[in-house]
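Peer 1: Coordinates for the following, if possible.
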Amino acid sequence: MAAPVTGKVVYDQEGVFIHSSCGKLEDQDSLIPGTLRVVEKDMEVIVDWRPLEETLDSSNILCAVKDSSSVVEWNQSPKERNNGGPEHQNSYEAEWDMINAVSFKKRQFTNGGVQSPINIQSKWSFLFSLTDLKSIKQNKEGMGWSYFVFCLKDDVILPALHFHQGGSELLLECLEKYVVLCESEQDSRILLVDCQNRSLSQSFENLHEEPTDSLLQKFKKDPYTATMVNFSKVTNFLVDTIRGTDPLTHRRPPQEIADFLNDAMPDLKINQQEESGFEVITRIDVGTRPEVHRREPVSTAEWESNMDSLGRIRNVDHLKHIIFKGGLCHALRKEAWKYLLGYFPWDSTREERSQLQKRKADEYFRMKLQWKSVSEEQEKRNSRLRDYRSLIEKDVNRTDRTNKFYEGQDNPGLILLHDILMTYCMYDFDLGYVQGMSDLLSPVLYVMENEVDAFWCFVSYMDEMHQNFEEQMQGMKTQLVQLSTLLRLLDSSFCSYLESQDSGYLYFCFRWLLIRFKREFSFHDILRVWEVMWTDLPCQNFHLLICCAILESEKKKIMDGGFGFNEILKHINELSMKLDVNDVLCKAEAISLQMMKCKDLPPAVCEVLGLTDNTSAPACDLAEDYVVRKHYQNSTPPNNPVPALPPNGTRGNSSLKRLPNSVHTPTSAW
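Peer 2: Sure, this is the predicted structure:
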């Protein structure tokens, strides 16, 4: 068998079959499974199909076998259990075999070298350069599995490839990065290939070249996709869309920019006097800004010293404070995040947490079985589920793939990422899956290394972020208004400058707010940022103060450089992965303390920060002397039984007053 083509793999799909019985060959009535890849190599694009090889050692994955008593035991992965026979197939256990914890171990080879691939039907392998492709014939809609027939320019017709596990649409999207595909006038099922009008795309991270009108419509129709895939990536996307190439249009009237954004995000109003609940901020002396310092991450010893003999957490306020000031050592995150996200009540015992996990495992597996048991025929009649699955598969394949936890093909982490997102669609079918949610789940799964725990922590996080992803984007609209309110108090001259450059709407912060800085900091730094924010200290909406801290740091470059609309957008996007996490968190904390000490803090700002009034608050009796303002009270008596979790096991509290933000700060009653 020929060796696989080496190069950059831009498309990889298993479960692509050749139905050999379709030809007049000796091996009748057989299906040949294979893998289809598109590979970039030396400025050439190669399409390569070959029979399935044994590339994944299934013994590298530890799977959970769940029985009726909710006891989870480690066992071999399903592939290692031989398929089992009738008894196994009908057992309860078979229904619940789920990949649970991700665990890798080195494979041992009996010959001391690399295992040779299974040599099966290598005569079916083929590859060709995309420059040799003449056309692609598709199946009729609704006629079973999708299949493609590739026809080359020398009129060689390759065997039909049947996509039993989906992926045909993704393949077309991949090929359209390199060639133009047009429907034949004679047969709409045939796509004709034109290689002359598209250059080689470097990666998913680069922009796709699209007509201006098309791109504008995409932004209006689906701001999430347009923003996540295009606007948030590089520099000239939105600028060229709005302004075109005419230099006379390089300064747009403010009202025209407002009209465009209102079309894209209806009812979005920023710095408008008529916006209910907010006011125009006049120049106010907010006083001097204190100097703050961060401490070392909370150690295992510190954590354990705050736990009693039954496993209850003592002195929760102090523990949250030191987490806010320094974050957590990585060894603690798997446990501490469950508290910070509300999955574990703070005053629960070890036994109570164990029982909770068993109940939540049952609930999770029931929801997972709902989509796992959907037949192909059912899914054909459920367009929403099909759409959710398609989008999840697309996003999972490009989420944090440079992280070792998710890199490579057939990665167990990717399987878990996919399954949790699909199960979340069953949990909240109205919302389903929206692009960007995989970015929020990825670090949570990385820390938990466990399917069930990661799911319920993700549910809690999504309760906080839910409005960001709803169709009306109310959370995004509100947060942009609130950020503008804070920034105008801190630096009205900078706000005026941004407005003069058509940037007063702060829409360049869209990605920051949508996925909470996930793509602005390195993967390990975002773990620190999130756990600091989850303490809900030192005030409500601390993430908006992080935005202010970043913008304040970049103010001089933007204003001294005379940056216009295009340059501001470019500069903000290029900050990705260049931010110093400690510097940003120190500055954001200092801003919060500065505002809290201000006696004339406007009511609009008090509302954003969750302050009940603007009088000085007493300093907390903690290791460091700093002011903490909270809009809630700790009210759980010390000897009360553990309060019942809401049905979703999250930290929401329906008794809280609704604030004009998607973030709902919980009480610390846990």
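Peer 1: I believe residue 181 is in a strand; please confirm or correct that.
Peer 2: Yes. Residue 181 sits within a strand when classified using DSSP: H, G, I helix; E, B strand; the rest coil.
Peer 1: That one bridge partners, please.
Peer 2: Here residue 181 sits in beta bridges with residue 193, as judged by DSSP bridges.
Peer 1: That one and residue 387: what is the separation?
Peer 2: 22 Å (C-beta to C-beta, to the nearest Å). Every C-beta, even on glycine, is put in place using the N, C-alpha and C of the backbone.
Peer 1: ok, and what's touching stretch 153-166?
Peer 2: Here stretch 153-166 makes contact (C-beta atoms under 8 Å, 6 or more residues apart in numbering) with 13-20, 22-23, 33-34, 36, 49, 124, 126, 128, 132-134, 145-152, 171, 389-390, 393.
Peer 1: try 7 Å this time
Peer 2: 14-19, 22, 36, 49, 124, 126, 132, 134, 145-151, 393 (C-beta atoms under 7 Å, 6 or more residues apart in numbering).
Peer 1: next one: stretch 129-139
Peer 2: 44-47, 146-153, 178-179, 189-193, 195.
Peer 1: cutoff 8 Å now
Peer 2: For stretch 129-139, contacts defined as C-beta under 8 Å, 6+ apart pick out 38, 44-47, 145-155, 168, 172, 175, 178-179, 181, 184, 187, 189-193, 195.
Peer 1: Which among those residues count as buried?
Peer 2: Among those, those buried by neighbour count (16 or more other C-beta atoms under 10 Å) are 38, 45-47, 145-152, 168, 175, 178-179, 190-193.
Peer 1: Spell out which helix or strand contains residue 291, please.
Peer 2: Counting by DSSP states H and E, there is no helix or strand that carries residue 291.
Peer 1: Dihedrals phi and psi, it?
Peer 2: Backbone geometry at residue 291, expressed as degrees, to the nearest 10, gives phi -90, psi 130.
Peer 1: who touches it in this structure?
Peer 2: Contact partners of residue 291, counting by C-beta under 8 Å, 6+ apart, are residue 590.
Peer 1: do you know how far it is from residue 594?
Peer 2: According to C-beta to C-beta, residue 291 and residue 594 sit 11 Å apart.
Peer 1: OK, contacts around the nearest residue to residue 180 once chain neighbours are set aside?
Peer 2: Closest residue in space to residue 180, ignoring its immediate chain neighbours: residue 194 at 4.3 Å, by C-beta to C-beta, 6 or more residues apart in numbering. With contacts defined as C-beta under 8 Å, 6+ apart, residue 194 is in contact with 179-182.
Peer 1: Could you export those residues as JSON lines, including distance to residue 507?
Peer 2: Shown next, in JSON lines, are the contacts of residue 194 (distance: C-beta to C-beta, whole Å):
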{"residue": "179", "distance to residue 507": "33"}
{"residue": "180", "distance to residue 507": "32"}
{"residue": "181", "distance to residue 507": "33"}
{"residue": "182", "distance to residue 507": "35"}
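Peer 1: can you list those in JSON lines and add distance to residue 546 and pLDDT?
Peer 2: What follows is these, written out as JSON lines (distance: C-beta to C-beta, whole Å; pLDDT from 0 to 100):
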{"residue": "179", "distance to residue 546": "43", "pLDDT": "88"}
{"residue": "180", "distance to residue 546": "43", "pLDDT": "88"}
{"residue": "181", "distance to residue 546": "43", "pLDDT": "89"}
{"residue": "182", "distance to residue 546": "47", "pLDDT": "88"}
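Peer 1: Now flag whichever of the residues you listed is closest to residue 341.
Peer 2: Nearest to residue 341 out of the contacts of residue 194 is residue 181 (C-beta to C-beta; 44.6 Å).
Peer 1: and the gap between that closest one and residue 325?
Peer 2: Taken as C-beta to C-beta, the span from residue 181 to residue 325 is 55 Å.
Peer 1: Tell me the secondary structure of residue 14, please.
Peer 2: Here residue 14 is strand, with the state taken from three-state DSSP.
Peer 1: Just give the number of residues close to it.
Peer 2: Neighbours of residue 14 under the rule other C-beta atoms under 10 Å: 17.
Peer 1: three-state assignment of the closest residue to it other than its chain neighbours?
Peer 2: Closest residue in space to residue 14, ignoring its immediate chain neighbours: residue 35 at 5.1 Å, by C-beta to C-beta, 6+ apart. Secondary structure, three-state DSSP: residue 35 is strand.
Peer 1: Please, where are all the strands along the chain?
Peer 2: Applying DSSP state E to the chain gives strands spanning 8-19, 31-41, 44-51, 63-66, 72-75, 98-99, 126-129, 133-138, 146-152, 161-163, 180-183, 190-194.
Peer 1: Please name whichever of those is nearest to residue 608.
Peer 2: Of those, nearest to residue 608 by C-beta to C-beta is strand 98-99, at 42.2 Å.
Peer 1: Could you double-check that residue 504 sits in contact with residue 492?
Peer 2: No. The criterion here is C-beta atoms under 8 Å, and residue 504 misses it with residue 492 at 11.5 Å.
Peer 1: So those two - more neighbours on which side?
Peer 2: residue 504 (20 against 14).
Peer 1: What distance do you get for that one to residue 512?
Peer 2: The gap separating residue 504 from residue 512 is 16 Å, by C-beta to C-beta.
Peer 1: Ok, residue 403 next?
Peer 2: 21 Å.
Peer 1: So between the two, which is more surrounded?
Peer 2: Just comparing residue 403 and residue 512: by other C-beta under 10 Å the higher neighbour count belongs to residue 512, 24 against 15.
Peer 1: so what's the more buried one up against?
Peer 2: Residues near residue 512 by C-beta under 8 Å, 6+ apart: 520, 547, 550.
Peer 1: now do residue 453
Peer 2: Counting by C-beta under 8 Å, 6+ apart, the residues that residue 453 touches are 334, 338, 343, 357.
Peer 1: one step back: just put the strands of the chain in CSV and tack on distance to residue 421.
Peer 2: What follows is the strands of the chain, written out as CSV (distance: least, C-beta to C-beta, whole Å):
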stretch, distance to residue 421
strand 8-19, 19
strand 31-41, 23
strand 44-51, 28
strand 63-66, 18
strand 72-75, 21
strand 98-99, 14
strand 126-129, 33
strand 133-138, 28
strand 146-152, 22
strand 161-163, 21
strand 180-183, 29
strand 190-194, 30
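Peer 1: Nearest to residue 351 among the ones you listed would be which one?
Peer 2: For residue 351, the closest of the strands of the chain is strand 72-75, at 17.0 Å, according to C-beta to C-beta.
Peer 1: so residue 8 touches residue 41, yeah?
Peer 2: Yes. With contact defined as C-beta under 8 Å, residue 8 reaches residue 41; the gap is 7.3 Å.
Peer 1: low-confidence ranges in the stretch 1-150 of the chain?
Peer 2: 1-5, 20-30, 53-123, 141-145 (pLDDT under 70).
Peer 1: Right, I'll call it a day here.
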